[in-house]
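Trainee: predicted model follows, preceded by the sequence.
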Amino acid sequence: MIKSRSIPISNILRKFTQRYASSQALATDLKNIVGNDNVATTASVREQHSHDESYHAGHVPDVVVFAQSTDHVSKIVKYCASKRVPVIPFGTGTGLEGGVTAPKGGVCLDLSRMDKVLSVNAEDFDCTVQAGVTRNALNTYIRDTGLQFPIDPGANASLGGMCATSASGTMAVRYGTMRENVMNLEVVLADGSIIKTAGLKGRSRKTSSGYNLTNLFVGQEGTLGIITEATLKLHAIPEAVLAAVAPFKDLRAAVNATVAIMQSGLPVARIEFLDENMVDACNRFSKLNLDVAPTLFLEFHGSNSNIEAQGRIAEETCKSFECLKFTFATETDRRNELWKARHNVWYAAHALRPGSKGYSTDVCVPISALPDMIQFADNEVKRLQLLGLTIGHVGDGNFHVILIVDPNDFEEIKRVHDFATILAKEALRMNGTITGEHGIGVGKKQLLIDEFGLHGINTMKIIKKALDPLNILNPGKIIDIEKGF
Ligand SMILES: Cc1cc2c(cc1C)N(C[C@H](O)[C@H](O)[C@H](O)COP(=O)(O)OP(=O)(O)OC[C@H]1O[C@@H](n3cnc4c(N)ncnc43)[C@H](O)[C@@H]1O)c1[nH]c(=O)[nH]c(=O)c1N2
Ligand SMILES: CC(C)CC(=O)C(=O)O
Ligand SMILES: [Mn+2]
């Protein structure tokens, strides 16, 4: 008898895909489980679910299932386990690392119909939502409570997707990332069983009870379980908000000012860096009239008296780094205009070259290393002659270089890949990480090995194999379970 270890991977994959007779048979079975209206097989729906907003190649699932409940998810996963069919969770498809693609076909499990806010405990500053609720929908729902959920990736992502990628955004510097804001998760495991990661009813502010399952499932990108519900921390909407814009003579001055502000302990709510290419793109796309120079957007949250004091300290610090101007934006409309432009940078960058594709890097380094890191990125963009625009959540040491590339120019694409690899390796050299918030998906699997080393990756493989022994949950993402080193 041949040992399974010696069967070539291609044969295993063929066998793997032969476990279900056809996409049609699969769809028929799934319709019996969740009803006709919740199963789609049309080419257009499958195509919509084959990719996210990144440049990564799309792969079409065999079937798209729209789950309406945790019970649906559990039954679908149990069925898929029995047939060895891949299950790829889908929130809103705004990911940037190809996480929702279906390289081995299978069932795309769309959670957007699980869109109920289940409870809001205003007095405890928490809420529980189904995975498909989007961050904007939650904030609209809780507006009258005086509370907000401030984690704000530019896109209106699903909260399940945000848990799954450990998302953050412009306000993480003040309120933390998803890792700090998820209190409990309901998760469907690879055999269809359902767990709560912080106790069956837990929503306490602190716990030292058992293993930290919550943070095992935050950032797992659908490879260990399907998140069906999340209990999240809420925060008070500040009494007063003050924003400011500060252009600088050069990139280094702007980043040095950021480091000084962070090291002074000033409780900034947002501190975002835009290089001059990015400011120029925002001016064009969002019809702004900002000085084209390396710029900081800042925001302070608090009471009327303390935000003014905070603003003044930031102004003095920026002036000590020779900022060209420091302009406060007090009116709500002006602030909204600035932050809307900030959230649209991805589209502003694409608009520079119609027909182009964008690739975003996402390194994060300790704050003291940030000036050298951003300078390094700038030098490399120039050396490799790329169209790169830098934007960053610099208060956290996290920034993105958006590279705009002609999808038909393979030589340019290679330079983009070279750049992304060089940048990630430099971030590791500076004690940082290859991804602050976008995750690994299909794009950064090799670099993850550099970040964690052999024993670290093997530990991840052990966890993956224990929780998903048939490798049906989002296979091919984060780690390649079949591949050795
Ligand atoms: C214009 C723009 C701007 C930004 C961003 C995107 C875009 C297009 N993003 C990236 C993106 O919005 C972020 O990764 C979201 O968390 C993705 O949420 P979706 O609901 O779209 O997940 P999406 O559907 O894209 O899925 C992402 C991954 O999570 C998995 N998944 C989804 N739902 C799941 C569930 N319920 N259970 C288990 N796994 C699940 C998927 O399988 C996939 O691997 C971002 N991000 C960020 O952190 N900071 C930022 O500033 C921005 N800014
Ligand atoms: C495309 C990316 C640059 C999106 C993002 O993470 C951001 O705008 O901060
Ligand atoms: Mn970002």
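Mentor: Everything's here; your move. What you see is a predicted model; the values in this text were computed from it and never measured. Numbering: from 1, shown residues only. Ligands and ions are numbered 1, 2, ... in the order given.

Trainee: give the buried residues for the strand or helix carrying A81.
Mentor: Secondary-structure element containing A81, defined by DSSP states H and E: helix 70-83. In terms of neighbour count (16 or more other CB atoms under 10 Å), helix 70-83 has its buried residues at T70, H72, V73, S74, K75, I76, V77, Y79, C80, A81, K83. Where you see a C-beta, it was placed from the backbone N, CA and C, and this is true even at glycine.

Trainee: name the helices or strands packed onto it?
Mentor: The criterion is 3 or more CB pairs under 8 Å, 6 or more residues apart in numbering; DSSP states H and E, and the helices and strands that helix 70-83 contacts are helix 23-34, strand 87-90, strand 107-110, strand 182-188, strand 226-233.

Trainee: quick one: contacts of the longest one?
Mentor: The set of residues external to helix 23-34 that reach it, using CB atoms under 8 Å, 6 or more residues apart in numbering, is 20, 38-39, 41, 62-63, 65-68, 72, 75-76, 79, 83, 85, 105, 107.

Trainee: how many residues are close by T433?
Mentor: T433 has 18 neighbours, counted by other CB atoms under 10 Å.

Trainee: for I434, same thing?
Mentor: Number of residues near I434 (other CB under 10 Å) recorded here: 24.

Trainee: quickly note the distance from it to A424.
Mentor: Between I434 and A424 the computed distance is 4 Å (CB to CB, to the nearest Å).

Trainee: in the chain, what spans have low per-residue confidence?
Mentor: 1-21, 484-485 (pLDDT under 70).

Trainee: switch the cut-off to 80
Mentor: Counting by pLDDT under 80, the chain has low-confidence residues at 1-21, 482-485.

Trainee: before we move on, the earlier item: for the helices and strands packed on helix 70-83, give me CSV that also has distance to ligand 1 and mean neighbour count.
Mentor: CSV is the format used below for the helices and strands packed on helix 70-83 (distance: least, CB to the nearest ligand atom, whole Å; neighbours: other CB atoms under 10 Å):
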stretch, distance to ligand 1, mean neighbour count
helix 23-34, 16, 17
strand 87-90, 4, 28
strand 107-110, 8, 27
strand 182-188, 8, 25
strand 226-233, 4, 25
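
Trainee: looking at those, which is nearest to R143?
Mentor: Closest approach to R143 among those (CB to CB): strand 226-233, 15.6 Å.

Trainee: chain center to the helix holding A81, what's the gap?
Mentor: Using CA atoms, centre = their mean, to the nearest Å, the mean C-alpha position of helix 70-83 is found 26 Å from that of the whole chain.

Trainee: quick one, domains of the chain?
Mentor: Domains of the chain are assigned by automatic domain parsing as 9-110, 117-236, 240-429, 444-485.

Trainee: so can I have JSON lines of these showing distance to H438?
Mentor: Written out in JSON lines, the entries for the domains of the chain read as follows (distance: least, CB to CB, whole Å):
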{"stretch": "domain 9-110", "distance to H438": "5"}
{"stretch": "domain 117-236", "distance to H438": "7"}
{"stretch": "domain 240-429", "distance to H438": "4"}
{"stretch": "domain 444-485", "distance to H438": "9"}
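
Trainee: residues of stretch 139-146 that come out buried?
Mentor: Taking 16+ other CB under 10 Å as the basis for neighbour counts, the residues of stretch 139-146 that come out buried are N139, Y141, I142, T145.

Trainee: in helices, which of those fall?
Mentor: N139, Y141 (DSSP state H).

Trainee: how close does the closest residue to D126 other than its chain neighbours get to G225?
Mentor: Using CB to CB, 6 or more residues apart in numbering and skipping the chain neighbours, the partner closest in space to D126 is R203 (5.4 Å). Counting by CB to CB, the separation of R203 from G225 is 19 Å.

Trainee: of the two, who's got more company?
Mentor: Relative neighbour count places G225 above the other of R203 and G225, with 28 against 18, counting by other CB under 10 Å.

Trainee: for ligand 1, what are the nearby residues on the stretch 201-350 of the chain?
Mentor: Taking CB under 6 Å from any ligand atom as the contact definition, the stretch 201-350 of the chain meets ligand 1 at E221, G222, I226, I227, W346.

Trainee: if anything else comes up later, I'll come back, but that's it for now.
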